[in-house]
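> Quick check, what structure comes out for this input:
(one chain, ligands or ions: 1)
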Amino acid sequence: MSDTKNNNYGFDTLAVRAGHNRTNEGEHSEPIFTTSSYVFDSAAHAAARFSGDEPGNIYSRFTNPTVRIFEQRLAALEGGERCVATSSGMSAILATCLGVLKAGDHIVSSRAIFGTTVVLFNNTLARFGVDTTFVPLTDLAAWEAAIKPETKLLFLETPSNPVTEIADIQALAKLARANNCLLVVDNCFCTPALQQPLALGADIVIHSATKYLDGQGRCIGGAVVGSEELVGGDIYGVVRTGGPSMSPFNAWVFLKGLETLSLRMEAHSSRAQILAEWLQGQDAVVQVNYPGLKSHPQHQLASSQQSGFGGVLSFEVKGGQEAAWKVIDNTRLVSITANLGDTKTTITHPATTTHGRVDPQARLEAGVTDGLIRIAVGLEDIADIQADLGRGLNSL
Ligand SMILES: *Cc1c(COP(=O)(O)O)cnc(C)c1O
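Just a heads-up that it's a prediction; the model follows:
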């Protein structure tokens with residue numbers, strides 16, 4: 001739209017159009033600017049750009065027009081002032097931490113977060129003097145008790161992986177504010193189509209664009225969204241200087257993903273709901289975790305905080321690891337892989353893969369039993385997915 005600064009349009013309109021100012025060529029689809037640097041009219045012009053007196057492109061580690069379209073579009077969808085795109089979801093988290101923390105600072109994090117984020121906090125940040133305390137996602141008293149004078153950042157994902165617990169974002173935002181901390185929400189599972197953490201009081205939203213923003217399993221990328229001051233200041237500074245910038249080609253793929261985001265999230269959610277209800281009726285299944293089920297302990301909170309329940313569910317089969325592996329190994333259609341956010345349904349056994357290195361006691365406390373199976377429901381016909389799982393379930 002020529003109206004790219006107008007964010008009063010509805011979500012779906014912004015998802016299709018925000019951020020794109022047509023060039024003089026009149027292109028309808030967003031152009032890919034594959035250029036590493038930009039040319040100046042004169043030495044004085046170059047000097048003005050470098051000094052910051054004149055805004056504009058210098059070098060694609062700093063800014064790139066295609067990447068900027070993605071940043072402006074995602075910022076509009078999350079309701080944030082500023083977005084900085086990154087080379088991966090992990091570099092979005094790293095850039096955020098390097099941008100807002102210093103040696104001696106402390107993080108309080110949900111323990112139910114992406115495994116590599118735990119490694120980043122425990123191994124990498126710890127070597128630079130930033131310590132992390134992990135708490136159960138839904139235990140507000142534990143969050144409060146873990147906060148120290150040095151605490152600068154609260155970090156969470158909701159719904160959690162793989163047992164789909166829900167964080168009360170508003171309550172945690174209040175706690176963060178009262179203690180002068182920033183609340184950072186990794187919004188990978190819901191995407192802004194289903195949940196907008198900034199509107200609930202979070203300070204920063206993180207994305208692994210690799211997942212649902214792309215939605216078709218093609219590119220690695222990430223993003224940080226928040227205020228101009230926070231994200232446009234030190235966090236952008238880390239990306240520009242440290243270099244985990246998004247490639248223009250990947251930005252273009254993510255732009256195409258954003259255009260269908262709400263349609264896809266609706267389709268993932270409705271399929272996951274059908275599958276979760278069907279799994280509840282299977283004799284071999286003892287427990288189904290999906291926030292869209294009335295039996296989910298936080299169904300009410302999920303309903304008020306999210307506009308849909310997402311594509312990820314997990315369920316526990318009778319018979320532990322042997323039975324879970326049997327269900328997985330009897331599939332012929334769904335993909336045995338730990339990735340998610342793809343049109344293709346994926347199945348995984350968390351206890352021996354994503355959570356395999358977690359201490360068994362901690363694993364059980366996190367709800368990751370030996371019989372637990374996680375499904376990230378794709379966009380295939382749900383009857384085919386049911387038949388694929390039914391083969392293994394009926395053999396138990
Ligand atoms: C995949 C994922 C990440 C990391 O993203 P990459 O793009 O793989 O670096 C972070 N958080 C969550 C919740 C994820 O699923």
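
> Could you report the separation of residue 313 from the ligand?
Separation of residue 313 from the ligand (CB to the nearest ligand atom, to the nearest Å) stands at 15 Å. Heads up, the C-betas are built off the backbone N, CA and C, glycines and all.

> cool, residue 249 as well?
Noted for residue 249: a distance of 16 Å to the ligand, by CB to the nearest ligand atom.

> Distance check, the closest residue to that residue other than its chain neighbours against residue 214.
Leaving aside its sequence neighbours, residue 249 sits nearest to residue 32 (CB to CB, 6 or more residues apart in numbering; 6.0 Å). Look at residue 32 and residue 214: by CB to CB, to the nearest Å, they are 15 Å apart.

> So for these two, which sits in the more crowded spot?
Using other CB atoms under 10 Å, the more surrounded residue of residue 32 and residue 214 is residue 214, with 22 against 17.

> need the strands for the stretch 1-150 of the chain, in chain order.
Using DSSP state E, counting those that start in this stretch, the strands found in the stretch 1-150 of the chain span residues 82-86, 106-110, 131-135.

> is stretch 139-159 up against the ligand anywhere?
Yes. Counting by CB under 6 Å from any ligand atom, contacts between stretch 139-159 and the ligand involve residue 157.

> Not counting residues beside it along the chain, what's closest to residue 362?
Once flanking residues are discounted, residue 362 sits nearest to residue 111: 7.5 Å by CB to CB, 6+ apart.

> OK, contacts around the one you found?
Counting by CB atoms under 8 Å, 6 or more residues apart in numbering, residue 111 touches 118, 134-137, 362, 366.

> Residue 250 versus the residue nearest to residue 249, what's the distance?
For residue 32, the distance to residue 250 - CB to CB - is 10 Å.

> now residue 166
31 Å.

> Could you pick out the residues of this structure near the ligand for me?
Residues of the chain that fall close to the ligand, judged by CB under 6 Å from any ligand atom: 88-90, 114, 117, 157, 186, 188, 208, 210-211, 220, 222.

> try 8 Å
88-93, 113-114, 116-117, 157, 161, 186, 188-189, 206, 208-211, 220-222, 339-341 (CB under 8 Å from any ligand atom).

> pLDDT below threshold where in the stretch 101-250 of the chain?
Residue ranges of the stretch 101-250 of the chain with pLDDT under 70: none are present.

> Quick check, the residue in it closest to the ligand?
When scored by CB to the nearest ligand atom, the stretch 101-250 of the chain has residue 208 as its residue closest to the ligand, at 3.0 Å.

> what's the burial count for the residue nearest to residue 72 when sequence neighbours are not counted?
Closest residue to residue 72 apart from its sequence neighbours, by CB to CB, 6+ apart: residue 19 at 3.4 Å. Neighbour count of residue 19, defined by other CB under 10 Å: 23.

> from what I can see residue 19 touches residue 76, true?
Yes. Contact criterion CB atoms under 8 Å: residue 19 and residue 76 qualify, at 7.1 Å.

> The stretch 101-250 of the chain: helices as residue ranges?
115-119, 126-127, 140-146, 169-178, 191-194, 228-230, 236-242, 248-259 (DSSP state H, counting those that start in this stretch).

> next one: the third one to chain centre, how far?
What separates the centre of helix 140-146 from the centre of its chain is 24 Å, taken as CA atoms, centre = their mean, to the nearest Å.

> on contacts alone, who are the packing partners of it?
Counting contacts by 3 or more CB pairs under 8 Å, 6 or more residues apart in numbering; DSSP states H and E, helix 140-146 packs against strand 131-135, helix 169-178.

> Closest to the centroid, which residue in the protein?
residue 188 (1.6 Å; CA atoms, centre = their mean).

> State the number of residues packed around the closest residue to it other than its chain neighbours.
Leaving aside its sequence neighbours, residue 188 sits nearest to residue 208 (CB to CB, 6+ apart; 4.8 Å). A count of neighbours around residue 208, defined by other CB under 10 Å, yields 28.

> hmm, back to that, can I get the helices and strands packed on helix 140-146 in TSV with mean neighbour count?
Formatted as TSV, the helices and strands packed on helix 140-146 follow (neighbours: other CB atoms under 10 Å):
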stretch	mean neighbour count
strand 131-135	19
helix 169-178	18
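
> will you turn those into JSON lines that also has distance to residue 265?
Formatted as JSON lines, the helices and strands packed on helix 140-146 follow (distance: least, CB to CB, whole Å):
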{"stretch": "strand 131-135", "distance to residue 265": "28"}
{"stretch": "helix 169-178", "distance to residue 265": "18"}
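
> Next up, the contacts around the residue in the stretch 1-150 of the chain positioned nearest to the ligand.
Proximity to the ligand, evaluated over the stretch 1-150 of the chain using CB to the nearest ligand atom, is greatest for residue 89 at 2.3 Å. Under the criterion of CB under 8 Å, 6+ apart, the neighbours of residue 89 are 114, 186, 188, 206-211, 220-222.

> could you give the angle of the lengthiest helix in the chain to helix 248-259?
For the chain, the helix with the greatest residue count under DSSP state H is helix 261-280. Here the directions of helix 261-280 and helix 248-259 differ by 70 degrees (axes from the mean of the first three to the mean of the last three CA atoms, to 10 degrees).

> What is the helix or strand following helix 261-280 packed up against?
Using DSSP states H and E, the helix or strand that directly follows helix 261-280 along the chain is strand 285-289. Contact partners of strand 285-289 among helices and strands, from 3+ CB pairs under 8 Å, 6+ apart: helix 261-280, strand 312-317.

> For strand 285-289, which outside residues touch it?
So strand 285-289 is contacted by 162-164, 276, 279-280, 295-296, 313-318, 367, 371, 393 (CB under 8 Å, 6+ apart).

> swap in stretch 209-217?
Contacts with stretch 209-217, where a contact means CB under 8 Å, 6+ apart, come from 74, 85, 88-89, 188-189, 191, 207, 219-223, 246, 250, 253-254, 257-258, 260-261, 264-265, 268, 311, 339-344.

> among the helices and strands packed on strand 285-289, which is the most enclosed?
Among the helices and strands packed on strand 285-289, strand 312-317 has the highest mean neighbour count (mean count of other CB atoms under 10 Å), at a mean of 26.

> Report the closest residue of the stretch 251-396 of the chain relative to the ligand.
Of all residues in the stretch 251-396 of the chain, the one sitting closest to the ligand is residue 340 (6.4 Å; CB to the nearest ligand atom).
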